[in-house]
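# Please find the sequence and the predicted model below.
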Amino acid sequence: MTKVSSTSSKPNGQWPTNIPDPEVEVRATRRRFSAAYKRRIVEEADRCTGPGAIGALLRREGLYSSQLATWRRQRTEGTLGEKPRGRPAEPLVAENARLRRENERLPRELEKAQLIMDAQKKLAQVLGLMADDEAEGSGNA
């Protein structure tokens, strides 16, 4: 709702009272497509034979080629129109998955820690040998 301002000033020299509303319009919402609509578009795209026919279909429907490719892949997989929403039905399933991921991660971290400790031991041995050599050299002098 934009108010239009008058371009001419009032006879008494004051600014116009009708100024534009600076409020920004609300953002558009994400479009959602039903499974039936997706199936219809994919089937219609499969029937397109002429050059540019699929592009014309996409323009007419206001779709992107990536959407059509995704819907075709989902149709092949048998998941067209299905969306997993919300938390898993079983809290134990989520906990089990989390623990499996952690069990896969921990051996890698253990291996890294062991490599670091081995390197520190070797460094300590080298520094210890150097300290022993210096101590022997100062004792003979």
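Thanks, I have the structure now.

# switch to C-alpha atoms for all contacts and neighbour counts from now on
Fine.

# buried set for stretch 20-29?
Using 16 or more other C-alpha atoms under 10 Å as the test for burial, stretch 20-29 gives no buried residues.

# Between the two ends of it, how far is it?
Stretch 20-29 has its terminal residues 25 Å apart, counting by C-alpha to C-alpha, to the nearest Å.

# What mean pLDDT does that stretch get?
Stretch 20-29 shows a mean pLDDT of 76.

# Ranking helices and strands of this protein by mean pLDDT, which lands last?
helix 91-140 (a mean of 85; mean pLDDT, DSSP states H and E).

# what's the spacing between that one and its chain's center?
35 Å (C-alpha atoms, centre = their mean, to the nearest Å).

# same check, this time on stretch 67-86
With C-alpha atoms, centre = their mean as the basis, stretch 67-86 stands 18 Å off its chain's centre.
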